[in-house]
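Trainee: below: sequence and its predicted model.
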Amino acid sequence: MMRDQKLWTWHLAAGVVILFFLGMHMTVMHLNTVVVLKGLNPAGGHPIDWTNVVARARSGFFMVTYVVLLGAALFHGLYGLRNILFELDPARWLKRAISGLLLGGGLGLFVIGTWAAIVARSM
Amino acid sequence: MTTPKLTEVSYQIRRFDPERDAAPHWEVYRIPYAPGMTVLEGLWKVKELRSPTLAWRSSCRMGVCGSCGMLINGKPRLACNTQIAELESETVVVAPLPNFDIVRDLVPELAPMFATHQALMPYVIREDVEEREHPTNEFYQSAHELEHYLQFTYCIKCGCCMAACPTFATDALYSGPMPLGQAHRYNSDTRDGGFAARKQVLADEPGPWRCHYAGECSRVCPKGVDPAKAIQLMKRELVLDYLRLHKKKCPAKVAVKPTEAKRRDNIPEAPPRTV
């Protein structure tokens, strides 16, 4: 009971998290000449220079932001996809299968992405 | 250049008799036109002069009862509240409200809509059942509190919003704008204490979550109600409730009758009765 109330609230919260971290991504990657933040672009030059990419990958702060953004984006996107599929009015067993598949797929992608973010720290 | 005076008008009506027809079909009738004629009056003319078997629902003829909702020139409207002149067309195209099964001709099957409406408990729920059933006085409500839900009380359950809603057309699980709007109307009423009871239904699949906010319901409502707004406000209340930020309201108390009221000195007495 009350599943949709809970999922919808988390959907909204994930949207806010995505908005914040995508804003940060835009600032770091695309507005680097306008907003000069030395700590986010330690080697100077272009944000996608190898030295900068490695420096961010080694940073604990960036690791956390990658994992949080990944979790929020996966939940937000997959819940939206689930809603679209549910509007096709599938049978009850198919709904369970869709939910299970999306949950399993989402968790799998989250584990892989988190593992990648953690491993990248030792680059 | 002046517009030629309209003396006749064509009614293109979608007919369907489940006992005789395999599928709905269109029929055209020409009837005499008089200035100020409404679509409903035209339907009566069609029935009197051209086709006595034509069926539709209507009652009050003044946009109050909500019986004569139908699709008129592509838009859900009340037939009694729509003048032929305002359609700016010599042909009036009339069909039953979409998104409902057809009983016959222009009569939609509204029973499922009312069943959903009933499931969302559209009435004042209070713990003091005795006072509700046998009231001793009014429940106190300020004018400001009334403003919160007043516009939603104007709903006449005509079904026009349900017929216009693209989500209700495609999503079998969606409750639709009318029942959801009415659930919000009672949730916002300070005399009501039924939020927790309604939440048992609204917080799950039949709740407001499936609304895409197309806003068509509000655009077509013949009474100027804004069900789309009610649905968004309801979403907000349910999200705040999940976050435990929803203010629990105590249903309004019974208003106390003034016992020691005194007349102000500067108010003159009423003049003596003349009749």
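Mentor: That came in fine, so what should we check first?
Trainee: quick one, helices of chain A?
Mentor: A:3-25, A:50-58, A:60-86, A:92-119 (DSSP state H).
Trainee: which parts of the stretch 101-250 of chain B are helices?
Mentor: Under the criterion DSSP state H, counting those that start in this stretch, the stretch 101-250 of chain B contains helices at B:111-119, B:129-133, B:143-147, B:160-164, B:166-170, B:177-187, B:195-202, B:216-220, B:227-242.
Trainee: adding mean pLDDT, mean neighbour count and distance to chain A, write those out as CSV.
Mentor: Backbone N, C-alpha and C define where each C-beta goes, glycine included. Shown next, in CSV, are the helices of the stretch 101-250 of chain B (pLDDT from 0 to 100; neighbours: other CB atoms under 10 Å in any protein chain shown; distance: least, CB to the nearest CB, whole Å):
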stretch, mean pLDDT, mean neighbour count, distance to chain A
helix B:111-119, 97, 15, 15
helix B:129-133, 86, 11, 25
helix B:143-147, 95, 11, 25
helix B:160-164, 98, 28, 17
helix B:166-170, 94, 16, 6
helix B:177-187, 97, 26, 13
helix B:195-202, 93, 18, 7
helix B:216-220, 97, 21, 17
helix B:227-242, 96, 21, 5
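Trainee: tabulate those (TSV), appending distance to residue B:210.
Mentor: Conversion of the helices of the stretch 101-250 of chain B to TSV gives the following (distance: least, CB to CB, whole Å):
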stretch	distance to residue B:210
helix B:111-119	13
helix B:129-133	32
helix B:143-147	28
helix B:160-164	13
helix B:166-170	6
helix B:177-187	10
helix B:195-202	12
helix B:216-220	13
helix B:227-242	10
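Trainee: wait, what's in contact with whichever residue of the stretch 1-150 of chain B sits closest to chain A?
Mentor: For the stretch 1-150 of chain B, the residue positioned closest to chain A under CB to the nearest CB is residue B:99, at a distance of 14.3 Å. By CB atoms under 8 Å, 6 or more residues apart in numbering or on different chains, the contact set of residue B:99 is B:162, B:163, B:165, B:168, B:169.
Trainee: which residues are in contact with residue B:119?
Mentor: Contacts of residue B:119 (CB under 8 Å, 6+ apart): B:179, B:201, B:206.
Trainee: just the pLDDT for the last one.
Mentor: It refers to residue B:206. pLDDT recorded at residue B:206 is 84.
Trainee: what's the distance between the most centrally placed residue in chain A and residue A:105?
Mentor: Geometric centre of chain A, nearest residue: residue A:70, 2.1 Å, by CA atoms, centre = their mean. When distance is defined by CB to CB, to the nearest Å, residue A:70 is 13 Å away from residue A:105.
Trainee: residue ranges with poor pLDDT in the stretch 1-150 of chain B?
Mentor: For the stretch 1-150 of chain B, the stretches with pLDDT under 70 are B:1-4.
Trainee: show me where it has its strands.
Mentor: B:8-15, B:25-32, B:69-72, B:75-78, B:91-95, B:102-104, B:107-108 (DSSP state E, counting those that start in this stretch).
Trainee: so what's the residue in chain B positioned nearest to chain A up against?
Mentor: Here chain B gets closest to chain A at one residue, residue B:203, 3.7 Å apart by CB to the nearest CB. Each residue near residue B:203 by CB under 8 Å, 6+ apart is listed here: A:1, A:2, A:3, A:4, A:5, B:238, B:241, B:242.
Trainee: would you turn those residues into CSV with distance to residue B:61?
Mentor: Listed next are those as CSV, based on distance: CB to CB, whole Å:
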residue, distance to residue B:61
A:1, 45
A:2, 44
A:3, 46
A:4, 42
A:5, 43
B:238, 39
B:241, 43
B:242, 46
